[in-house]
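*Asks:* sequence plus predicted model, see below.
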Amino acid sequence: MAVDTRDIVKKREQRYSYGLTLLRDCIEETRDLPNEEDFFKKNVLRVEDITISFGGLNALSDVNLELREGELLAIIGPNGAGKTTLLNVISGFYKAQKGDVYFQDTKITNYSSHKIAEMGICRTFQNIALYTGLSVIDNIIAGRHPHIKYNFLNGMLYFPWARREEARQRAIAEDIVDFLEMEQVRNTTVGMLSYGLRKRAELGRALALEPRILLLDEPMAGMNLDEKEDIARFIVDIHEFLRIPIVMIEHDMGVVMDIADRIAVLDFGLKIGDGTPEEISKNQKVVSAYLGKAGEQ
Ligand SMILES: Nc1ncnc2c1ncn2[C@@H]1O[C@H](COP(=O)(O)OP(=O)(O)OP(=O)(O)O)[C@@H](O)[C@H]1O
Ligand SMILES: [Mg+2]
């Protein structure tokens, strides 16, 4: 069922949530956040002519896509359309048979998934990928790993500055926990959490990586209305407060129409539409392939 968050998002005059200030300070120590003047102008990610097939089935055929600075791009399409495959190609988990992926101006087509994540393209998975035996806070701290400024030996010897660094990393992780309103479950083992809370924890871990681009694969799948609204406002806040461009695969058209700046539509591995929510809702090809009667109305 669709959630109409439009009113909440459009009428708000201030951030919904608290937290993330420590994380933002931390990000700003190493790079400038993009200026609003650059929004929607510069490409941060470009996918060119991507083709990939599995045993004769074309999962993606000549797909072109770009993500611009300051943009929240939604990818929609029926089951099996190739949405997750596209994220897998961008993040280096699948190698396309044809085509290239560019992050800013760097060709990353043949980079390993590890290197791509290190460059700041961070993602969440359709089937949650967390350390189920660790607590929420420890999963988020694990996400901080690339940013921790002491090595193993110093950590073992427990120099005072290593201790300070550990306290700082814990404070950043706590800031993320506060933002995601997970204080009550911060020490709960992830495997014990409800599906919705696990999805939220996964978002927390992706944030801990200080992403330059965030790729979200169905962040609201399987959630009830309240949980969806929570996630929708977290995503909007991450996007606005940290100025992180986001690609979000989502089936819930209420949310997509509400929070996306632009929507790309996949169908049987082909991109059949790309435009603003208004343009997409009027695109006849999209309406008949995906939106059906609900779209026509
Ligand atoms: N590793 C793989 N091996 C074989 N086939 C695959 C593999 N990954 C994806 N496919 C196939 O590619 C097609 C696209 O799958 P994909 O998971 O990208 O769809 P999707 O749009 O994410 O669908 P959903 O909305 O159900 O998540 C499907 O037919 C799927 O079975
Ligand atoms: Mg999928």
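*Replies:* Sure, I can see it. Numbers count the residues shown, from 1 in each chain. Ligands and ions are numbered 1, 2, ... in the order given.
*Asks:* contacts and neighbour counts: CA atoms only from here.
*Replies:* Will do.
*Asks:* low-scoring stretches of the stretch 1-150 of the chain, by residue?
*Replies:* Applying pLDDT under 70 to the stretch 1-150 of the chain picks out residues 1-18, 148-150.
*Asks:* hey, where'd the strands end up in it?
*Replies:* Remark: strands assigned in the stretch 1-150 of the chain by DSSP state E, counting those that start in this stretch are 43-54, 57-68, 72-76, 98-103, 106-107, 121-123.
*Asks:* for Gly269, which of these is the nearest?
*Replies:* Among these, strand 57-68 comes nearest to Gly269, with 3.9 Å by Cα to Cα.
*Asks:* mean neighbour count, the strands of the stretch 1-150 of the chain: which tops it?
*Replies:* Stretch with highest mean neighbour count among those: strand 72-76 (a mean of 26; mean count of other Cα atoms under 10 Å).
*Asks:* what does the stretch 1-150 of the chain have sitting close to ligand 1?
*Replies:* Within reach of ligand 1 by Cα under 6 Å from any ligand atom, the stretch 1-150 of the chain has these residues: Phe54, Ala59, Pro78, Asn79, Gly80, Ala81, Gly82, Lys83, Thr84, Thr85.
*Asks:* so which of those residues wins on neighbours?
*Replies:* Compared across those, Lys83 has the highest neighbour count, 26 neighbours, by other Cα atoms under 10 Å.
*Asks:* how about the contacts made by that one?
*Replies:* Ile75, Ile76, Gly77, Ile249, Leu266 (Cα atoms under 8 Å, 6 or more residues apart in numbering).
*Asks:* please report how far it lies from Leu130.
*Replies:* Distance of Lys83 to Leu130, computed by Cα to Cα, to the nearest Å: 21 Å.
*Asks:* how near is the residue nearest to Gln126 when sequence neighbours are not counted to Asp252?
*Replies:* Take Gln126 and drop its neighbours on the chain: the residue closest to it by Cα to Cα, 6 or more residues apart in numbering is Asp217, 5.1 Å away. Between Asp217 and Asp252 the computed distance is 12 Å (Cα to Cα).
*Asks:* ditto for Pro277
*Replies:* In this view, Pro277 and Asp252 are 13 Å apart by Cα to Cα.
*Asks:* looking at these two, which is more packed in?
*Replies:* Neighbour count, other Cα under 10 Å: between Pro277 and Asp252, Pro277 has more, with 20 against 17.
*Asks:* for Arg170, which non-adjacent residue is closest in space?
*Replies:* With Cα to Cα, 6+ apart as the criterion, Arg170 has its nearest non-adjacent residue at 6.7 Å, and that residue is Ile141.
*Asks:* show me the contacts for the one you found.
*Replies:* Per Cα under 8 Å, 6+ apart, neighbours of Ile141: Gln169, Arg170, Ala173, Arg205, Ala208.
*Asks:* for the strands of the stretch 1-150 of the chain, which one sits closest to Phe234?
*Replies:* Proximity to Phe234 (Cα to Cα) singles out strand 72-76 among the strands of the stretch 1-150 of the chain, at 12.9 Å.
*Asks:* the closest one: partners in the sheet, and parallel or antiparallel?
*Replies:* Strand 72-76 has the following strand partners under DSSP bridges: strand 246-249 (parallel), strand 262-267 (parallel).
*Asks:* which residues touch it?
*Replies:* Identification of contacts with strand 72-76 by Cα under 8 Å, 6+ apart yields 67, 83, 239, 245-251, 256, 259-266.
*Asks:* do stretch 166-178 as well
*Replies:* By Cα under 8 Å, 6+ apart, the list of residues contacting stretch 166-178 reads 18-23, 137, 140-141, 144, 148, 183, 186, 204, 207-208.
*Asks:* re the thing from before, filter the contacts of strand 72-76 to the buried ones?
*Replies:* Applying 16 or more other Cα atoms under 10 Å to the contacts of strand 72-76, the neighbour count classes 67, 83, 239, 245-251, 256, 259-266 as buried.
*Asks:* quick check: mean pLDDT of the lengthiest helix in the chain?
*Replies:* Ordering each helix of the chain by length in residues (DSSP state H) puts helix 160-179 first. Averaging pLDDT along helix 160-179 yields 85.
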